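[1] the following block contains a protein sequence and its predicted model.
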Amino acid sequence: MPKPILLSVDDDSDVLRAIERDLRSQYGKDYRVIGSDSPVGALELLKQLKVRNDSVALLLADQRMPNMDGVGFLQAATQIYPEAKRALLTAYADTTAAISAINQANINYFFMKPWDPPSEHLYPQLDDLLEDWQAAYRPAFQGIRVLGTRWSPKSYELRDFLARNHVPYQWIDVESSANDAETKRLMEALGPESGELPVVLFPDGAKLLEGTPAQVAEKVGFRTHSETTFYDLAIVGGGPAGLAAAVYGASEGLHTVIIEREAPGGQAGMSSRIENYLGFPAGLSGNDLARRAVVQAKRFGVEFLSPQEATGVRIEGPYRIMTLADGGEISCHALMIATGVQWRRLDAPGVDKLQGAGVYYGGGTTEALSCKDEIVYVIGGANSAGQAAMNFAKYAERVVILVRGSSLSSTMSQYLIDQIKETPNIQIWAHASVIEAHGDTHLEEISVQCADTNKIERVPATSMFIFIGALPRTDWLAGTVERDDRGFILTGPDAGAEGLLETSVQGVYAAGDVRAGSIKRCATAVGEGAAVVQFVHAHIAREGAEIGH
Ligand SMILES: Cc1cc2nc3c(=O)[nH]c(=O)nc-3n(C[C@H](O)[C@H](O)[C@H](O)COP(=O)(O)OP(=O)(O)OC[C@H]3O[C@@H](n4cnc5c(N)ncnc54)[C@H](O)[C@@H]3O)c2cc1C
C-alpha cells in the first residue's frame, strides 16, 4: 500500500529543499514527501495523484510565489483533495494575510519562516494536523478501476472480461454516481480524457482510454503468445473439458498448452451455481470451479494463452499445426478441441443493436447487482435460465422467465423448478416469445408474442438475459476435421476413428459440448477431457515408434 503524501510547494529552491529535508527526517517512515517549485505544476501533479488514487495528507505552500500565491494554490488544491490538511509558509511581513487566509480560505495553520528549530516550530503543529487527518483517513482502493456507464456495451465487455478472468477491479458508473463528490473530482482530474470511456486506471498510474479486453490483458500480464512453439498436447478451449485434459495431461508429464478465446471456465464459468457437480453438496459457482481448476492446472505447469483464439488447423506429417488469431502458430503431437458451444442469437429486431446495453447473452453475473430493485426478463426454459433467474431474484424486484412452451417441466431439472416455485419474486410467463427489443441507447421495452392469446404485449424492460440454446462455432475446422450438419465434431466410429474421442484426423481429439452426441454437463465434459489424455499417450507412443524415436 503506497504511503500517503506530504506535498510542499515553494518557488525558492533553498527553502523547498529545507522543508523537504525536515519533513522527510520526521515523517519519511509513514509518508512520502514530495516537493514542487511551481504552484501550477503542483496542481497538475495533484490531478495525476488523484487519477492514481493516491492519498494526500498535507499541502504546505509558501505564500509568496509568482503567478499564484500560496492561498490561491491551497484553495485550488482543495477542489482536488478536500480532505488534505492545508498549511501556509509565510514571512513575518505576511502574517496579517495569513491570518485572514485562515478565516477565508479554510487553511488549517500557518508557519513562520524560518521554522528553526523544527522540533519547536514545525513538528508539534504538523503532528497535530496529521493525527487529525489520520483519524478520518480511509485507505483508497489500490487495484484496477474501471470508469464507464452502465449501458455502454464496451464498459460491459470490459467488466465481464475482468470478472470472468478473476481480476479484481472497482467499477465506477460515472452516470449513476455523477453527483458523488469523489467521482466529480476524479472526472475533473482526468480532464478531456474523461470523455473517452471506458477508462481503465491501473495502480501504477497507467490508464487506458476506451480500453479493450485485449489491451487490459496485455497490461495485467496475461500471456497471449507461447513460450515455445511445440507442445505434446495443445488444447483449444479452457472450459471444464479443456481444463480437465490439461490437469491430467500436465500431471502425467505432457508439455501442455491451453488456448482460450475469452476466459478459462467456459460456459461453466458463467454459471451462478452448479448444484450437481460431484463432491460439492452445497453447490459452487462456476467462477469458483474455474478459478480452482486454473490454479490446479498452473501448478502442474500448464501454459495458458488467453485471450487467444485458434483460427485454423493443418496437418504436416506427425505434426498438428494450429494458427492463432494474432497470426502465430503452434504445433503439437496431439490436439484436443474443447471449444464447447456458444449462445444462439435471438433473431428479433432491436436485439443486436442493444446487446451489452440491456440485452445480454448468458449468465450476466456482472450485471446482477446493477439490476437491484428492477424487473429482469430471462428468456429460455433450460437449466441455465433457471440458475440465472435464481441468481437475479436475490437482487431484482421481480424476475420474469419467458418460455415458449406451457411450463418449465420438459426443459429444466426438477430441483431448479422446485427452487423457482419457492421463490416469490420469480414469475413464469408461458407461451411467450420476444419478437422485438426497443430503446435508443439502452433497452427500454420488449414486445412479446403470446401464443395462447395471439396478442402482442409491449412491456417496459431494462434488462433481458437470453438463454435460448447454444451451438458450436467450428467453422475454423472446415476441410480438416469432420463435423455434423450443425457443426458438432464427429468422433469415434462416426468419424471412422479408432479411439472413442478421436476425430476424423489421427491425433486430433474432441471432448465436451463440442463433440457430437456428448451429454452437455460439466461432469461429462471433465470426464471426457480426462479420458482424452489416455489416447494422447498412446498416440504419442505410436508416432514415436513410427518416426523411429
Ligand atoms: C449458465 C449455465 C449454467 C450451467 N449449469 C450447469 C450445471 O449446473 N451443471 C452442469 O453439469 N452443467 C451446467 N452447464 C453446462 C456446462 O457448463 C457445460 O456442459 C460445460 O461447460 C461444457 O464444457 P466444455 O469444456 O465442453 O465447453 P465450454 O464450457 O463451452 O468451454 C469452451 C471454451 O472454449 C473457448 N473457445 C471456443 N472457441 C475457441 C477458439 N476458436 N479458440 C480458443 N478458445 C475457444 C470458449 O471461449 C470457452 O471458454 C451450464 C451452462 C451454462 C451456460
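    Looks like it came in fine.
[2] stretch 419-428 close to the ligand?
    No - applying Cβ under 6 Å from any ligand atom, one finds stretch 419-428 separated from the ligand by no less than 12.0 Å. The way it works is simple: take the backbone N, C-alpha and C, and place the C-beta from them, glycine included.
[3] which element follows the worst-scoring helix or strand of the chain on mean pLDDT toward the C-terminus?
    When each helix and strand of the chain is scored by mean pLDDT, DSSP states H and E, helix 95-104 comes last, with a mean of 79. Note on helix 95-104: by DSSP states H and E, the next helix or strand toward the C-terminus is strand 109-112.
[4] using PDB, write out every CA atom in the following helix or strand past that following strand.
    Later in the chain than strand 109-112, the nearest helix or strand by DSSP H and E is helix 118-121. Output of helix 118-121 as PDB, limited to C-alpha atoms (Å, rounded to 0.1, in the frame of the first residue of the first chain):
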ATOM      1  CA  PRO A 118      11.600  22.300  13.700                       C
ATOM      2  CA  SER A 119      11.100  20.400  16.900                       C
ATOM      3  CA  GLU A 120       9.500  23.500  18.300                       C
ATOM      4  CA  HIS A 121       8.100  25.400  15.400                       C
END
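[5] show me how far helix 118-121 is from its chain's centre.
    Relative to its chain's centre, helix 118-121 lies at 50 Å (Cα atoms, centre = their mean, to the nearest Å).
[6] which residues touch it?
    Residues from elsewhere that reach helix 118-121 (Cβ atoms under 8 Å, 6 or more residues apart in numbering): 22, 26, 111-112, 115.
[7] for the least confident helix or strand of the chain, which positions count as buried?
    For helix 95-104, the buried set under the neighbour-count rule, 16 or more other Cβ atoms under 10 Å, comprises 97-98, 101-102.
[8] enumerate the residues of this protein near the ligand.
    So far as Cβ under 6 Å from any ligand atom goes, the chain lies against the ligand at 236-242, 259-262, 266-268, 270-271, 274-276, 309-310, 338-341, 362-363, 383-384, 387, 473, 476, 512-514, 520-523, 525.
[9] whichever of those residues end up buried, select them in ChimeraX.
    In ChimeraX, a selection of the buried entries from these looks like this (16+ other Cβ under 10 Å):
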select :236,237,238,239,240,241,242,259,260,261,262,266,267,268,270,271,274,275,309,310,338,339,340,341,362,363,383,384,387,476,512,513,514,520,521,522,525
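[10] circling back to that earlier point, can I get the contacts of helix 118-121 in TSV with pLDDT, distance to Ala136 and neighbour count?
    Formatted as TSV, the contacts of helix 118-121 follow (pLDDT from 0 to 100; distance: Cβ to Cβ, whole Å; neighbours: other Cβ atoms under 10 Å):
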residue	pLDDT	distance to Ala136	neighbour count
Asp22	97	25	20
Gln26	97	21	18
Phe111	92	22	19
Met112	90	27	15
Trp115	92	26	18
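[11] just send the buried residues of helix 95-104 back as CSV, with distance to Leu305 too.
    Shown next, in CSV, are the buried residues of helix 95-104 (distance: Cβ to Cβ, whole Å):
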residue, distance to Leu305
Ala97, 64
Ala98, 62
Ala101, 60
Ile102, 61
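[12] quick check: the farthest pair among the residues you listed?
    Farthest pair in the buried residues of helix 95-104 (Cβ to Cβ) is Ala97 and Ile102. Separation: 10.1 Å.
[13] identify the residues contacting the most centrally placed residue in the chain.
    Nearest residue to the geometric centre of the chain (Cα atoms, centre = their mean): Leu162, 1.3 Å. The contact partners of Leu162, by Cβ under 8 Å, 6+ apart, come to 144, 146, 169, 216.
[14] and with 7 Å instead?
    The contact partners of Leu162, taken as Cβ atoms under 7 Å, 6 or more residues apart in numbering, are 169, 216.
[15] same check, this time on Glu303
    Glu303 neighbours (Cβ under 7 Å, 6+ apart): 226-227, 257.
[16] swap in Asp326?
    224, 308.
[17] repeat the analysis, applying 8 Å as the threshold.
    Per Cβ under 8 Å, 6+ apart, neighbours of Asp326: 224-225, 308.
[18] looking at the residues you listed, which one is closest to the ligand?
    Relative to the ligand, the closest of these is Gln308; by Cβ to the nearest ligand atom it sits at 6.6 Å.
[19] let me know the pLDDT of the residue in the stretch 251-400 of the chain that the ligand sits nearest to.
    Nearest residue of the stretch 251-400 of the chain to the ligand: Gly340, at 1.9 Å (Cβ to the nearest ligand atom). We note a pLDDT of 97 for Gly340 in this prediction.
[20] what's the spacing between it and Val199?
    33 Å (Cβ to Cβ, to the nearest Å).
[21] got it, and Ser406?
    Distance from Ser406 to Val199, by Cβ to Cβ: 48 Å.
[22] out of the two, which sits in the more crowded spot?
    Comparing Ser406 with Val199 by other Cβ atoms under 10 Å, the one with more neighbours is Val199, at 24 against 12.
[23] what about the closest residue to Ser55 other than its chain neighbours, distance to the ligand?
    Nearest residue to Ser55 in three dimensions, chain neighbours excluded: Pro4, at 4.1 Å (Cβ to Cβ, 6 or more residues apart in numbering). Pro4 sits 42 Å away from the ligand, going by Cβ to the nearest ligand atom, to the nearest Å.
[24] which ones are touching Pro4?
    30-32, 54-57, 133, 137.
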